[in-house]
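Engineer: predicted model and sequence follow; I will ask about them next.
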Amino acid sequence: MTKIKAGRNKTIDTSVDEGKKYLDRCIAIEKPIDDINSILDKTIIGNTFHVMELLPEKSIDLIIADPPYNLTKSFHGTQFSRKKESEYEDYTRQWLSKAIPLLKDDGSIYVCCDWETSLIIGRILQEYLIVRNRITWQREKGRGAKANWKNGLEDIWFATKSNNYTFNLDAVKIRKKVIAPYRVDGKPKDWTETENGNYRDTCPSNFWDDITIPFWSMPENTAHPTQKSEKLVAKIMLASSNPGDIVFDPFLGSGTTSVTAKKLGRHYLGIELNEQYCIWTEQRLEMADNDDYIQGYVDGVFWERNVLN
């Protein structure tokens, strides 16, 4: 029996049977690809460890990776089981050793993790790349723990292949409302006066407390258990890529990286093993044809929370 959703519930949970037309848009790769342009803007169904070996080296501008955290979790028929620390280290080295050669010499990579896997991923990234920063962002979902502090934060490691890399600071500044405007000789100092209010564009830090985890009334929400928000990915993408660049996600999940890339004028490529998640990705990409809205990002600017309300 199909469960009837509330009218405001926009969660994408299309079944494999219902989503065959979306699945048909995905591709499978069985032989080496010489020209990355021949498969751009596609969702690849397959095992990322196998598929990455078939992609051309130095073809990707930006990698955004959200590998399974070292937790036992079910992903709609696919089970990831918690590993010993040494085993998870091996797992991380395996996928990184296949992903890094795909980066151009001026490319960047961001890797998502929780506090526990962060200790492993940060260390291993230093073996291969130049680690630039660790972003910590505040989650709003999750139940409390009975014998520990609730895990309300996650990390994203930022690393580059060389000292020549893209970072567009102005593209990710945050527009904040000025409460106590300061003037010099009667003119605004470091802020802008408008009919709609007084604002200041501030440099972003490596602590993000303005990210909303997708929930049931948001059009971007899916039934994926660890979905990241388009706003989170947009910050990374705007900072570390340019329009027309190629963004790659080796653990595509429900497609947030591809959808955000499409909305921001980047080329995308993602690998996902789960057919249902591939369907949700293609469904969201279709929706993006008519809706390029990203929460909190308006007129080319990230706005401070509650300022636009």
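Structural biologist: Here it is on my side, so go on.

Engineer: which stretches of the chain aren't confidently modelled?
Structural biologist: Along the chain, the parts satisfying pLDDT under 70 run over 1-4, 141-143, 179-191, 193-197, 216, 306-309.

Engineer: the longest strand anywhere in the chain pairs with which strands, and in what direction?
Structural biologist: Assignment by DSSP state E gives strand 103-113 as the longest strand of the chain. Partner strands and pairing direction for strand 103-113 (DSSP bridges) are strand 60-65 (parallel), strand 153-160 (antiparallel).

Engineer: and the helices in the stretch 1-150 of the chain?
Structural biologist: In the stretch 1-150 of the chain, the helices defined using DSSP state H, counting those that start in this stretch lie at 20-23, 48-51, 85-99, 115-128.

Engineer: may I see these arranged in JSON lines, with mean neighbour count as well?
Structural biologist: C-beta coordinates here come from the backbone N, C-alpha and C atoms, glycine included. As requested, the helices of the stretch 1-150 of the chain are exported to JSON lines (neighbours: other CB atoms under 10 Å):
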{"stretch": "helix 20-23", "mean neighbour count": "15"}
{"stretch": "helix 48-51", "mean neighbour count": "18"}
{"stretch": "helix 85-99", "mean neighbour count": "16"}
{"stretch": "helix 115-128", "mean neighbour count": "17"}
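
Engineer: which one of the ones you listed lies closest to residue 176?
Structural biologist: helix 115-128 (28.1 Å; CB to CB).

Engineer: and the angle for the closest one with strand 60-65?
Structural biologist: 150 degrees (axes from the mean of the first three to the mean of the last three CA atoms, to 10 degrees).

Engineer: for helix 115-128, packing partners?
Structural biologist: helix 85-99, strand 103-113, strand 130-138, strand 153-160 (3 or more CB pairs under 8 Å, 6 or more residues apart in numbering; DSSP states H and E).

Engineer: out of these, flag the one nearest residue 171.
Structural biologist: Comparing the helices and strands packed on helix 115-128 by CB to CB, strand 103-113 comes nearest, at 13.9 Å.

Engineer: residues contacting the residue lying closest to residue 152 once chain neighbours are set aside?
Structural biologist: Using CB to CB, 6 or more residues apart in numbering and skipping residues adjacent in sequence, the residue nearest residue 152 is residue 139, 5.5 Å away. Contact analysis of residue 139 by CB atoms under 8 Å, 6 or more residues apart in numbering lists 151, 152, 153, 154, 211, 213.

Engineer: the longest strand of the chain vs helix 85-99, what angle?
Structural biologist: 150 degrees.

Engineer: winner for burial among the strands paired with strand 103-113?
Structural biologist: strand 60-65 (a mean of 25; mean count of other CB atoms under 10 Å).

Engineer: neighbouring contacts of that strand?
Structural biologist: With CB under 8 Å, 6+ apart, strand 60-65 has contacts from 36, 95, 99, 102-104, 106-112, 166, 233, 236-237, 240-242, 245-251, 257, 266, 269.

Engineer: what's residue 9 sitting at in phi/psi?
Structural biologist: Main-chain torsions, residue 9, degrees, to the nearest 10: phi -80, psi 110.

Engineer: so how far is residue 281 from it?
Structural biologist: 20 Å (CB to CB, to the nearest Å).

Engineer: neighbour-wise, which of those two wins?
Structural biologist: For residue 9 versus residue 281, neighbours defined as other CB atoms under 10 Å are more numerous around residue 281 (30 against 12).

Engineer: state the helix or strand in which the more buried one lies.
Structural biologist: helix 275-288 (DSSP states H and E).

Engineer: tell me the contacts of the closest residue to residue 67 other than its chain neighbours?
Structural biologist: Closest residue to residue 67 apart from its sequence neighbours, by CB to CB, 6+ apart: residue 251 at 5.2 Å. By CB under 8 Å, 6+ apart, residue 251 lies in contact with 48, 65, 66, 67, 68, 271, 272.

Engineer: and the two most separated of these?
Structural biologist: Counting by CB to CB, the most remote pair of the contacts of residue 251 is 68 and 271, 13.6 Å apart.

Engineer: of these two, who's got more company?
Structural biologist: It is residue 271, of residue 68 and residue 271, that has more neighbours when counted by other CB under 10 Å, with 23 against 19.

Engineer: got the phi and psi for that one?
Structural biologist: According to degrees, to the nearest 10, residue 271 has phi -120, psi 130.

Engineer: ok, now how distant is it from residue 102?
Structural biologist: Distance, residue 271 to residue 102, by CB to CB: 11 Å.

Engineer: need the residues touching each of these two.
Structural biologist: Joint contacts of residue 271 and residue 102 (CB under 8 Å, 6+ apart) are residue 52.

Engineer: doesn't residue 166 make contact with residue 240?
Structural biologist: Yes: under the criterion of CB atoms under 8 Å, residue 240 makes contact with residue 166 at 5.5 Å.
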